[in-house]
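Enquirer: the amino acid sequence is not available; the structure is as follows:
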């Protein structure tokens, strides 16, 4: 379990309980379903992700993909991340809300995020030898979700069907 550097505050739960719930879900989940919009049209895609202690989520996509084109006109994004469980048993999931933006390929942020991808998904190492070079020479780009709000469901820690909404502040 990782420790978050952001403060999650809710009147009914300790920051430690919220941190544990969020970290448990993020550590156990490799995929996020992300929703974007363009005008009246909505779109959803699934992507592998990594995250930082400040709850920035990173994913890699092609700049021509529909969801990336959508964030170019409206950076608002929502993501659903869940931890597998039996039907109706010990439910655990997050709804993540924030803004999405591209990350400069040779920035420290990009290199750190791509190194996180290699650690979390060892198979990535076969295509990522030098993170900055991969991003600058590939048709893929790195995107960051800057999380502003979470809706947490973690029955073992927060209680049966207890949805908890918290703002994310650094």
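Expert: Right, received. Where do you want to start? Remember, it's a predicted structure, so these values are computed and weren't measured experimentally.
Enquirer: for the rest of this, base every contact and every neighbour count on C-alpha atoms.
Expert: OK.
Enquirer: now do the helices in the protein.
Expert: Remark: helices assigned in the chain by DSSP state H are 15-28, 66-73, 108-120, 131-137, 155-158.
Enquirer: export those to TSV and tack on distance to residue 80, mean neighbour count and mean pLDDT?
Expert: Formatted as TSV, these follow (distance: least, C-alpha to C-alpha, whole Å; neighbours: other C-alpha atoms under 10 Å; pLDDT from 0 to 100):
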stretch	distance to residue 80	mean neighbour count	mean pLDDT
helix 15-28	11	18	94
helix 66-73	15	18	95
helix 108-120	19	19	92
helix 131-137	26	17	59
helix 155-158	16	16	94
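Enquirer: with distance to residue 164 added, can I get those helices in a markdown table?
Expert: Putting the helices of the chain into a markdown table (distance: least, C-alpha to C-alpha, whole Å) gives the following:
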| stretch | distance to residue 164 |
| --- | --- |
| helix 15-28 | 9 |
| helix 66-73 | 27 |
| helix 108-120 | 27 |
| helix 131-137 | 36 |
| helix 155-158 | 8 |
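Enquirer: residue closest to the middle of this protein?
Expert: residue 57 (3.4 Å; C-alpha atoms, centre = their mean).
Enquirer: contacts only, for it.
Expert: Counting by C-alpha atoms under 8 Å, 6 or more residues apart in numbering, residue 57 touches 49-51, 144-147.
Enquirer: now do the longest strand seen in the chain, average pLDDT.
Expert: The residue-count maximum for a strand in the chain (DSSP state E) belongs to strand 141-154. The average pLDDT within strand 141-154 is 96.
Enquirer: residues in contact with it?
Expert: 21-22, 55-63, 77, 90-105, 110, 135, 161-169.
Enquirer: for stretch 5-16, same thing?
Expert: For stretch 5-16, contacts defined as C-alpha under 8 Å, 6+ apart pick out 18-19, 53-55, 158, 164-170.
Enquirer: which of those residues sits closest to residue 26?
Expert: Within the contacts of stretch 5-16, the smallest distance to residue 26 is 9.7 Å, found for residue 55 (C-alpha to C-alpha).
Enquirer: where does the closest one fall, phi/psi-wise?
Expert: Note on residue 55: backbone dihedrals following degrees, to the nearest 10 are phi 70, psi 30.
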